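>>> Below are the sequence and a predicted model; questions follow.
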Amino acid sequence: MEKRADNAFCAVRPPGHHAESGHAMGFCLFNNVAIAARYFQKRYGLERIAIVDWDVHHGNGTQHAFYDDPTVFFFSTHQYPWYPGTGGADERGEGKGEGYTLNVPLSAGMGDKEYLDVFNRILRSALKAYRPDAIIISAGFDAHRDDPLAGMNLTAEGYKALTRAVKEIAAEHAQGRVLSCLEGGYNLAALAASVEGHLRVLQEA
């Protein structure tokens, strides 16, 4: 019998994480990861979804969709201040969703070491407490050091390390379920190398 795949990568364009329910922006028309989170819940009965957004820009649309919803945990690390101007550390959700939004804004110039430290110190702890049934990655690769739209210093090897960290968290709490959706990435060579490394890690046993 063929082994069931625990994860998948969606090479989608346009990206989606800036799109709000009634408002397209930032190249984004539909919020792909927000739609996927609701689909997981309604089609498969998964109760708690975690969205991990490592695009260089804050996923304001995804945050907007679930800001008062405790059934979706939204984590974003991003260059700050930068477009779209949201994503401060004080944005933590509201009402029943308070505490289920976690923004980790980073100054320009941060690279592999700083990003991995955030994932190991902050994301692992947060998702250990939340115990998601599945993890969706808003996989933007525009924090790469060669990308023209921002000022971060991630490398393809850094993205592999972040992917491995998310896979480890998913194996511990979410039965290995990881869905990755392409977001930003505007240097084609850097994007290709980063996506290839991301896929290779996703395919690891």
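Arrived safely, thanks for sending.
>>> from what I can see residue 64 touches residue 22, true?
No: with contact defined as CB atoms under 8 Å, residue 64 does not reach residue 22; the gap is 10.0 Å. C-beta here means a position set from N, CA and C on the backbone, and glycine is covered the same way.
>>> Could you list the low-pLDDT ranges of this structure?
1-5 (pLDDT under 70).
>>> and the longest helix for it?
Under DSSP state H, the helix in the chain containing the largest number of residues is helix 156-173.
>>> Centre of the chain to that one, how far?
The chain centre lies 11 Å from the centre of helix 156-173; the measure is CA atoms, centre = their mean, to the nearest Å.
>>> Break down the protein into its strands, ranges please.
With DSSP state E, the ranges of strands along the chain come out as 7-10, 49-53, 72-79, 101-106, 134-139, 178-182.
>>> In JSON lines, list these along with mean neighbour count and distance to residue 89.
Shown next, in JSON lines, are these (neighbours: other CB atoms under 10 Å; distance: least, CB to CB, whole Å):
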{"stretch": "strand 7-10", "mean neighbour count": "16", "distance to residue 89": "29"}
{"stretch": "strand 49-53", "mean neighbour count": "27", "distance to residue 89": "15"}
{"stretch": "strand 72-79", "mean neighbour count": "26", "distance to residue 89": "11"}
{"stretch": "strand 101-106", "mean neighbour count": "20", "distance to residue 89": "6"}
{"stretch": "strand 134-139", "mean neighbour count": "27", "distance to residue 89": "18"}
{"stretch": "strand 178-182", "mean neighbour count": "23", "distance to residue 89": "25"}
